[in-house]
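Q: take a look and give me a structure for this.
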Amino acid sequence: MKVPRFRHISQFSYSANGGSPTQVYEFLSQNKGSMRIIHLHNVNWTFPSENISIRNLTHLDFHGTFPADSMGIADILGNGTQIESLRLQCVLECNASAQFRQYADGLPFLRHFAFSLVGYRVNDYDLFPAISEFLRDRTDLHTLHLTVPSADWAQRRLGYDATVWGVLPSLANLRSLSATLPKDVAAAVAMWLVPRGVQSLSLHSLTAGDPISFVSVSLPSTRRLYTDASLPIQQLRPGLPPGLKFIGLSQFHVDDVVAVIQHGFPMVRLARVDDAYYTVKNTENGVQLEEWPKSRTQYNVTEWLEWFGCENADWRDPSEFL
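A: Alright, predicted model coming up:
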């Protein structure tokens, strides 16, 4: 692909699965002074610290690799004095925890933050504790996404445990939360840690394909697993934020979506289970779900989320500038 030689571009979005970054990075260098919003998605590319002026950015969305010698995260945290929105979906090969610790007070105007690992080649047991300290007491934060690869050993190697959710109550103005449930916190307790102002909540299973563990009951007498959603899932409801409009469940095995929503989240307007969206209607006969057609979920999801007052539920696609 040949990139045009435009000058004074303020917004740039590029998504690919391969290829050389040379032309794209040259284009970014040409527009260093004017660039304010960057969405760069190519998991094979490294973060272009030398090709952008981080001090000028207000929105940064990077899906790529931080190699072993990278100080890219430190560059972002230390120089992003105007950044309001930061999403990092990365393959991590460097020690990022030290960089988060070094700049725990960085990004003073941060309102939207997402950190998701799509892969890693490092044991960094302090990673998520360091991120937690970076986030603590950020009362201006409105959106938070934190997810780890779906394996128990990945959680242990990255320090994703109860301390991560323990920082949530300090985020008083949080409106949207999407996070992996840690194994060492009971889900009913975890719900009480969610800030009371959250309107969109998405929960991710740590192990892909698990039954909804916070719905299931194991009876000691038979050692058999039951998934009667009308029992334990009710323990979640007292801890849920009172203004919850959207619930998302990712990587859980859900046999009966209607039962889960009716007994666990009947107050929401919309529900999402993996890639399927549902409109939730409360009737005299209980909850009814209307599944969205594929055309709506693939092409018009942002507009429909806004229509139902759930615009905070999803991070916008790279092609849609914030």
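Q: which residues touch residue 108?
A: By Cβ atoms under 8 Å, 6 or more residues apart in numbering, the residues touching residue 108 are residue 81. All C-beta atoms are positioned from the backbone trio N, CA, C, and that covers glycine.
Q: the chain should start at 50 in everything you say after this.
A: Understood, numbering begins at 50; the last thing we discussed is residue 157.
Q: for residue 166, the count of nearby residues, please.
A: Residue 166 sits with 20 neighbouring residues when counted by other Cβ atoms under 10 Å.
Q: I misspoke; the intended subject was residue 304.
A: If you count neighbours by other Cβ under 10 Å, residue 304 ends up with 11.
Q: read off the pLDDT value for it.
A: For residue 304, the pLDDT comes out at 82.
Q: for stretch 348-359, buried residues please.
A: 350, 353, 354, 357, 359 (16 or more other Cβ atoms under 10 Å).
Q: quick one: which of those is nearest residue 246?
A: Within the buried residues of stretch 348-359, the smallest distance to residue 246 is 14.5 Å, found for residue 359 (Cβ to Cβ).
Q: now the closest one: closest residue in space, sequence neighbours ignored.
A: Distances taken as Cβ to Cβ, 6 or more residues apart in numbering put residue 295 closest to residue 359, at 4.2 Å, once the chain neighbours are dropped.
Q: any idea what the one you found is bridged to?
A: residue 249, residue 319 (DSSP bridges).
Q: residue contacts, it?
A: By Cβ under 8 Å, 6+ apart, the contact set of residue 295 is 248-251, 317-321, 354, 359, 361-362.
Q: the same query, at a cut-off of 10 Å, please.
A: Shown in contact with residue 295 (Cβ atoms under 10 Å, 6 or more residues apart in numbering): 225, 247-251, 314, 317-321, 326, 329, 354, 357-363.
Q: inside strands: which ones of those?
A: Counted as lying in strands by DSSP state E, out of these, are 225, 249, 250, 251, 319, 320, 321, 326, 329.
Q: coming back round to it: filter the contacts of residue 295 down to the buried ones.
A: With burial judged by 16+ other Cβ under 10 Å, the buried subset of the contacts of residue 295 is 225, 247-251, 314, 317-321, 326, 329, 354, 357, 359-363.
Q: how about the residue nearest the centre of the chain: what's its closest non-neighbour residue?
A: Geometric centre of the chain, nearest residue: residue 194, 2.6 Å, by Cα atoms, centre = their mean. Of all residues not flanking residue 194 in the chain, residue 163 sits nearest, at 3.6 Å (Cβ to Cβ, 6+ apart).
Q: for the one you found, what are phi and psi?
A: phi -140, psi 130 (degrees, to the nearest 10).
Q: that one reaches residue 192, doesn't it?
A: Yes - with contact defined as Cβ atoms under 10 Å, residue 163 reaches residue 192; the gap is 7.4 Å.
Q: re the thing from before, out of the ones in strands among the contacts of residue 295, who's nearest residue 84?
A: Nearest to residue 84 among the ones in strands among the contacts of residue 295 is residue 225, at 26.1 Å by Cβ to Cβ.
Q: now stretch 139-152: buried residues?
A: Buried residues in stretch 139-152, defined by neighbour count with 16+ other Cβ under 10 Å: 139, 140, 141, 142, 143, 144, 145, 146, 148, 149, 151, 152.
Q: so how far is that stretch off the chain centroid?
A: 18 Å (Cα atoms, centre = their mean, to the nearest Å).
Q: tell me the mean pLDDT for it?
A: Per-region confidence: stretch 139-152 scores 97 on mean pLDDT.
Q: what's the first-to-last distance across that stretch?
A: Using Cα to Cα, to the nearest Å, one end of stretch 139-152 lies 19 Å from the other.
Q: contacting residues around residue 355?
A: 361, 362.
Q: same question, the one 5 residues further on
A: Neighbouring residues of residue 360 by Cβ under 10 Å, 6+ apart: 224, 225, 248, 249, 294, 295, 351, 352, 353, 354.
Q: closest one of the residues you listed to residue 74?
A: The closest of those, once distances to residue 74 are taken by Cβ to Cβ, is residue 351, at 28.9 Å.
Q: dihedrals phi and psi, that closest one?
A: phi -60, psi -50.
Q: thought it was touching residue 363?
A: Yes - Residue 351 is in contact with residue 363 according to Cβ under 10 Å; the separation is 7.2 Å.
Q: break the chain into its domains for me.
A: 50-171, 218-362 (automatic domain parsing).
Q: gap between the shortest one and the chain center?
A: What it means is domain 50-171. With Cα atoms, centre = their mean as the basis, domain 50-171 stands 17 Å off its chain's centre.
Q: contacts only, for the closest residue to residue 128 other than its chain neighbours.
A: Excluding the flanking residues, the one nearest residue 128 by Cβ to Cβ, 6+ apart is residue 103, at 4.1 Å. Residues in contact with residue 103, defined by Cβ under 10 Å, 6+ apart, are 81, 84, 87, 109, 121, 124-132.
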